[in-house]
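[1] Quick one: sequence and predicted model below, then my questions.
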Amino acid sequence: TEQVAGRARVETGATVATGADGRGSLSLDSGAWLLVDRSSSLVAELGRVQLDAGRIWVDASQSEETVIDTAALHLVAHDAALAVAIEGGETVVYVGAGEVAFTAVGAAGEGAEGTVAQGETLRAAAGQAPRLAPEAMWDDWTGGLADPARTRLRSVEPLGVLSGRRLDEIGIARTPLPVR
């Protein structure tokens, strides 16, 4: 076990875990960027993660194929942004941008595989058929870092941009509000 407070290289097959008081970020060799929430645990590979506990935000908008596995689902993301959480033995997937392919682990028949589109949430428990539904409002636990409207900033920008929308415009893209 190694406690990391700054940048560190994570070896293939290593377990990444966050404490109850911290979050972390992880860049996969595939190009995907992950934000790992408090009390989360995952196993990292080159272009794949196995989420065992907690929740992650995955920005695969500029990556090769990125695979996320849980006890209930096998997810494949390319040019997408999504949140994956383990809640009470159930996997919950929200897609903020793009489209994510899924296969339910141990389930067969209608709905055992398919796609989750932007704005939809998929819920699945191991061995059961997944349930797909539109999401009216996603709880952004990332504090604004999960912005599917743009790719991750790699450098400091001299001009900040706020995005906003009216309260009655739920589900409509935000409008940029430049701040100079």
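    In hand now; what should we look at? Residues are numbered from 1 along each chain as shown.
[2] Correct me if wrong: residue 19 contacts residue 37.
    No. Here residue 19 does not reach residue 37: they are 11.0 Å apart, not a contact under Cβ atoms under 8 Å. To be clear about C-beta, it is placed using only N, CA and C from the backbone, and glycine gets the same treatment.
[3] more crowded one of these two?
    Just comparing residue 19 and residue 37: by other Cβ atoms under 10 Å the higher neighbour count belongs to residue 37, 17 against 11.
[4] Phi and psi next, for that one.
    Here is the backbone geometry of residue 37 (degrees, to the nearest 10): phi -80, psi 170.
[5] got the contact list for it?
    With contact taken as Cβ atoms under 8 Å, 6 or more residues apart in numbering, residue 37 is in contact with 18, 23, 54-57, 141-142.
[6] which of those residues count as buried?
    18, 23, 54-57 (16 or more other Cβ atoms under 10 Å).
[7] circling back: and the contacts of residue 37 as a markdown table, adding secondary structure and distance to residue 30?
    Output for the contacts of residue 37, formatted as a markdown table (DSSP: H, G, I helix; E, B strand; the rest coil; distance: Cβ to Cβ, whole Å):
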| residue | secondary structure | distance to residue 30 |
| --- | --- | --- |
| 18 | coil | 21 |
| 23 | coil | 21 |
| 54 | coil | 21 |
| 55 | strand | 20 |
| 56 | strand | 14 |
| 57 | strand | 16 |
| 141 | coil | 24 |
| 142 | coil | 20 |
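[8] any idea which of those residues is closest to residue 169?
    Nearest to residue 169 out of those is residue 142 (Cβ to Cβ; 21.1 Å).
[9] For the residue nearest to residue 75 when sequence neighbours are not counted, list the residues it contacts.
    Using Cβ to Cβ, 6 or more residues apart in numbering and skipping residues adjacent in sequence, the residue nearest residue 75 is residue 68, 4.3 Å away. Shown in contact with residue 68 (Cβ under 8 Å, 6+ apart): 48-49, 51, 56, 58, 75, 77, 82, 84.
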